[in-house]
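[1] no sequence for this one, just the structure:
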Ligand SMILES: Nc1ncnc2c1ncn2[C@@H]1O[C@H](COP(=O)(O)OP(=O)(O)OP(=O)(O)O)[C@@H](O)[C@H]1O
Ligand SMILES: [Mg+2]
């Protein structure tokens, strides 16, 4: 009889508590290290709750990719809606991704459909739509916070939309100010094409999101792991290893992706806990494979040293290994091959080359009074795959280790 693969898979214990919480579009209840930004947004929009008629805001958020701009604004949107509900205020939050809704028309339709689900998609000009929005708000005594995420996709073609939206409120002094706008872009430079007046409106309130530090990345990934993976399914070591890999470009998405892939690999191998090797394998095709190319042109001596690093790391089962441990292993390899080992300073130069070529990372730690020690961590390639690859290149050169 054919195996029922679904049933077989369903029988396996899962490493996940809730896999969907590693999805990059999931907005977690907490955003470690974004409290300051959340608090700032709350202060800026407090009047929307305390005195909704009085003021409308236009805020611009900037910062590099994958550092929580979208997630922070969405979480803030939830907080705002909760606070307004408690006070019987009618505030609507619309999050528009301008990469998806690329024209003014589409953005406006998206806004209107949040207010009225059944609004027909065709038959209006953008000006008509703007008027319909403001009539709707006045008629229902509603306030609106519009988030234009990835605004740069809209700016080049449709700068006037931002102008219109920020001017949608009636200019007369006592008229209620019903619309506020938050724009999100990575670089402020993409606003250069806007006309001066829109630009000055947007630039009045800028919140710049900083990149996360290594320890912040660690906290964030640990939290995301805690809510999505079983308690014994991961260790602090694993989160640290992933944080190291994320630090290069600082994109938390990369970390979530890698955490998910590593968990899947662990599950596939019937492991109860993610291991270093799962992370290395998970990371393998997540990174460009320039390493193979580098290895092809590497000298035998260098390859032997690199192989010693891989082998000793693999043997140690740790995520990183100290240089003296590697050298001890390397000396044995050289003895077996009947080759004279290279000097310490030469090996140190090799290490620097490997680091430059992104094959490994070196961290210096002060372990005791005796001094500082270099620890080596091979990042991008699964150790076994790496070992096989180097062995095959060496064997072409007639060296079998
Ligand atoms: N402080 C944090 N705590 C928990 N998760 C976070 C945190 N910061 C970012 N994330 C998660 O990282 C992922 C990327 O964040 P987000 O989508 O907000 O990035 P972004 O700054 O908007 O990037 P982009 O400019 O590419 O759109 C999301 O899944 C988000 O939930
Ligand atoms: Mg975003």
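    Yep, it's here. Because the structure is a prediction, the values reported are computed rather than measured. Ligands and ions are numbered 1, 2, ... in the order given.

[2] check which helix or strand covers the residue nearest to residue 109 when sequence neighbours are not counted.
    Leaving aside its sequence neighbours, residue 109 sits nearest to residue 121 (Cβ to Cβ, 6 or more residues apart in numbering; 6.0 Å). Every C-beta, even on glycine, is put in place using the N, C-alpha and C of the backbone. Assigned by DSSP states H and E, residue 121 belongs to no helix or strand.

[3] Burial check on residue 121, number of neighbours?
    10 (other Cβ atoms under 10 Å).

[4] surely it meets residue 110?
    No. Residue 121 is beyond contact range of residue 110, at 10.3 Å (criterion: Cβ atoms under 8 Å).

[5] just for the stretch 51-200 of the chain, where's the confidence low?
    Applying pLDDT under 70 to the stretch 51-200 of the chain flags the ranges 155-159, 170-176.

[6] For the residue in the stretch 51-200 of the chain positioned nearest to ligand 1, give me phi and psi.
    Going by Cβ to the nearest ligand atom, ligand 1 is nearest to residue 68 of the stretch 51-200 of the chain, at 2.8 Å. Backbone torsions for residue 68, taken as degrees, to the nearest 10, come to phi 90, psi 20.

[7] Give me the pLDDT for the residue of the chain most remote from its centre.
    Distance from the C-alpha centroid of the chain, by Cα atoms, centre = their mean, peaks at residue 338 (47.8 Å). pLDDT for residue 338: 91.

[8] what about the helices in the stretch 201-350 of the chain?
    Under the criterion DSSP state H, counting those that start in this stretch, the stretch 201-350 of the chain contains helices at 214-228, 236-247, 252-268, 276-284, 290-296, 300-316, 323-337, 344-356.

[9] Kindly compare burial across the ones you listed and name the winner.
    With neighbours taken as mean count of other Cβ atoms under 10 Å, the helices of the stretch 201-350 of the chain reach their highest mean count in helix 276-284, at a mean of 23.

[10] What mean pLDDT does that one get?
    Helix 276-284 comes out at a mean pLDDT of 89.

[11] now what about that helix, what contacts it?
    237-238, 241-242, 245, 258, 261-266, 269, 271, 317-319, 378-385 (Cβ atoms under 8 Å, 6 or more residues apart in numbering).

[12] mind listing what's buried in stretch 28-37?
    For stretch 28-37, burial by neighbour count (16 or more other Cβ atoms under 10 Å) applies to 31-34, 37.

[13] can you tell me if that stretch touches ligand 1.
    Yes. Applying Cβ under 6 Å from any ligand atom, one finds stretch 28-37 touching ligand 1 at 28, 31-34.

[14] and the residues you listed, which two are the farthest apart?
    28 and 33 (12.4 Å; Cβ to Cβ).

[15] Would you mind measuring from the residue farthest from the centre of the chain to residue 67?
    53 Å (Cβ to Cβ, to the nearest Å).

[16] Kindly report the same for residue 142.
    Taking Cβ to Cβ, one finds residue 142 at 32 Å from residue 67.

[17] These two: which has the busier surroundings?
    Higher neighbour count among residue 142 and residue 67: residue 67, with 23 against 18, using other Cβ under 10 Å.

[18] ok so that one is a helix residue?
    No. Applying DSSP: H, G, I helix; E, B strand; the rest coil, one finds residue 67 to be coil, outside a helix.

[19] re the thing from before, which neighbours do residue 28 and residue 33 share?
    Contacts common to residue 28 and residue 33, judged by Cβ under 8 Å, 6+ apart, are absent.

[20] hmm, who's touching stretch 256-266?
    So stretch 256-266 is contacted by 15-16, 19, 22-24, 221, 224-225, 228-229, 233-234, 238, 242, 245-246, 272-275, 278-279, 281-283, 286 (Cβ under 8 Å, 6+ apart).

[21] how about the closest residue to ligand 1 within the stretch 251-400 of the chain, what does it touch?
    Residue of the stretch 251-400 of the chain nearest ligand 1, by Cβ to the nearest ligand atom: residue 252 (3.3 Å). Neighbouring residues of residue 252 by Cβ under 8 Å, 6+ apart: 66-68, 212, 217, 220-221, 246.

[22] ok, 10 Å please
    Shown in contact with residue 252 (Cβ atoms under 10 Å, 6 or more residues apart in numbering): 24, 65-68, 71, 212, 216-217, 220-221, 224, 243, 246.
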